[in-house]
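Peer 1: requesting a structural model of the entry that follows:
(one chain, ligands or ions: 1)
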Amino acid sequence: MMTVEQLLEKLISFPVLGGESNLSIIQWIQTYIASFGIKTTLVPNDSNTKASLHCKIGPDVDGGIILSGHTDVVPVQGQNWTSNPFELTDKNDGNLYGRGTCDMKGFLACCLAVLPKLSKAKLTKPIYFAFSYDEEIGCLAAPELIQNLLSSYSEKPQFALIGEPSLMQPIIGHKGISLYDTYVSGSAGHSSGILKEVSAIHESARLILWIEAKMKSLIEAGSIDNRFTPPHTSLHVGQINSGIAANVIADKAHFSWDARVIPQDSLDQIITDFRAYCNEREEILQKRYPEFSIVTKEQHPPVPALDTADTTSIVQLLKNINPIHNLGTVAYAAEAGQFSEAGIESIICGPGSIGQAHRANEYVSKEELSKCITMLENLIASFSK
Ligand SMILES: [Zn+2]
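Peer 2: This is a model prediction of the structure:
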């Protein structure tokens, strides 16, 4: 049996970045959980280089709770660390330093630290662990993990607690996010022929202005949710590549953009409207140049927004097991939206501050870890006879 600090030290020592194989850390976690006599299931990717893990402790009855976390972290390159990021460092200031301490191996360590109690508890409802990979590059693994978990057990879990860093505040909302690449193919030529060729740059500019106008029209139509900062859906083009010279018509252009939607706006509708506008432009310009095309691809499947009503049972459950009762929303996207989309009441609550995440000298305070352990112990008690 290991303490939460020993567990965190071990978890931090696996330098698994989003996109990389996480088998080293997930197999270590699997072995540790198995030492308590608990059966685990791995959900591998197609090439068997990565795997999520889920397990259940407790009876086969509806109404259980999933404790969710991810095993990958973000890179440390170019960051000014004063200690080895993959070695847990105690600077005797109450904080434990290392990549992933707050985002979000601190929560994983807390889940593993309560296993001695959890494995012996007389649970009346089950508690599940669901640990994923590739969260940091777009919450890629969670949908398959959730489906595998739901189909592996005969009963239906009711709740999911996602331990992203929130300073132990219950978080009931996050925006939905999607990233896109748009490729425009026109015809090349001397710049003097601009009215007979189709410039991919000119057409890209039109599409980009459409995207900006779409954002403004949503705001003007009153799509405002003051729980978020900013309180509206944002649409933004962050990268554009095209052209070789001022006097050459560009035949190819590519731009990357993102949509961060408040729960009341629909990513689907925005992209449907965008594609309709692209089709309109294609029809017009194919008369001039039949090969003209606009192709838009998702960089990865969209992460849906989280919008848990403050009247749902998960909110009451959190109030019973955790002393912080004021509910919050966050600006980042997380797996919570995916659990919610699968019909599971979802909430974010975890140790450490998101202000620490992804930075040099990331840390979690020992106090936050102990608050999280108390919450999990209260959860076990409230789920026991
Ligand atoms: Zn995270």
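Peer 1: can you list the low-confidence ranges for the stretch 101-250 of the chain?
Peer 2: Applying pLDDT under 70 to the predicted model, the stretch 101-250 of the chain contains no residue that meets it.
Peer 1: spell out which residues of it are next to the ion.
Peer 2: Residues of the stretch 101-250 of the chain that fall close to the ion, judged by C-beta under 5 Å from the ion: 103-104, 164. For every residue, glycine as well, the C-beta is placed using N, CA and C.
Peer 1: turn these into JSON lines, columns for secondary structure and neighbour count.
Peer 2: Rendered in JSON lines, the data for these read as follows (DSSP: H, G, I helix; E, B strand; the rest coil; neighbours: other C-beta atoms under 10 Å):
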{"residue": "Asp103", "secondary structure": "helix", "neighbour count": "29"}
{"residue": "Met104", "secondary structure": "helix", "neighbour count": "29"}
{"residue": "Glu164", "secondary structure": "coil", "neighbour count": "27"}
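Peer 1: all helices for the stretch 101-250 of the chain, in order.
Peer 2: Counting by DSSP state H, counting those that start in this stretch, one finds helices in the stretch 101-250 of the chain at the ranges 106-113, 115-120, 142-152, 200-220.
Peer 1: give the buried residues for the second one.
Peer 2: Burial within helix 115-120, assessed by neighbour count using 16 or more other C-beta atoms under 10 Å, is assigned to 115, 118.
Peer 1: helices and strands around it, which ones?
Peer 2: With contacts defined as 3 or more C-beta pairs under 8 Å, 6 or more residues apart in numbering; DSSP states H and E, helix 115-120 has these neighbours: helix 366-382.
Peer 1: now do the longest one
Peer 2: Using 3+ C-beta pairs under 8 Å, 6+ apart as the contact test, the elements touching helix 200-220 are strand 176-185, strand 234-242, strand 252-261, helix 267-286.
Peer 1: okay, buried residues for it please.
Peer 2: Buried residues in helix 200-220, counted by 16+ other C-beta under 10 Å: 200-201, 203-205, 207-208, 211, 214-215, 218.
Peer 1: quick check, nearest of the residues you listed to the ion?
Peer 2: Minimum separation from the ion among the buried residues of helix 200-220 (C-beta to the ion) is found for Met215, which lies at 26.6 Å.
Peer 1: ok now stretch 65-75, how far from the chain's centre?
Peer 2: When distances are taken as C-alpha atoms, centre = their mean, to the nearest Å, stretch 65-75 is centred 9 Å away from the chain's centroid.
Peer 1: figure out the length between the terminal residues of that stretch.
Peer 2: With C-alpha to C-alpha, to the nearest Å as the measure, the first residue of stretch 65-75 is 31 Å from its last.
Peer 1: in it, which residues are buried?
Peer 2: Taking 16+ other C-beta under 10 Å as the basis for neighbour counts, the residues of stretch 65-75 that come out buried are 65-74.
Peer 1: and if you look at stretch 363-377?
Peer 2: Using 16+ other C-beta under 10 Å as the test for burial, stretch 363-377 gives 363-366, 368-369, 371-377.
Peer 1: likewise stretch 39-48?
Peer 2: 40-43, 45.
Peer 1: closest one to Met2 out of those, please.
Peer 2: Using C-beta to C-beta, Thr40 comes nearest to Met2 of these, at 17.2 Å.
Peer 1: quick check: the nearest residue to the closest one once chain neighbours are set aside vs Ser154, distance?
Peer 2: Spatial nearest neighbour of Thr40, chain neighbours left out: Cys55 (4.2 Å); criterion: C-beta to C-beta, 6 or more residues apart in numbering. Distance of Cys55 to Ser154, computed by C-beta to C-beta, to the nearest Å: 15 Å.
Peer 1: more neighbours: these two, which one.
Peer 2: A direct count of neighbours by other C-beta atoms under 10 Å for Cys55 and Ser154 places Cys55 higher, at 22 against 8.
Peer 1: wait, the more buried one sits on Leu42?
Peer 2: No: no contact is recorded between Cys55 and Leu42 when judged using C-beta atoms under 8 Å, the distance being 10.0 Å.
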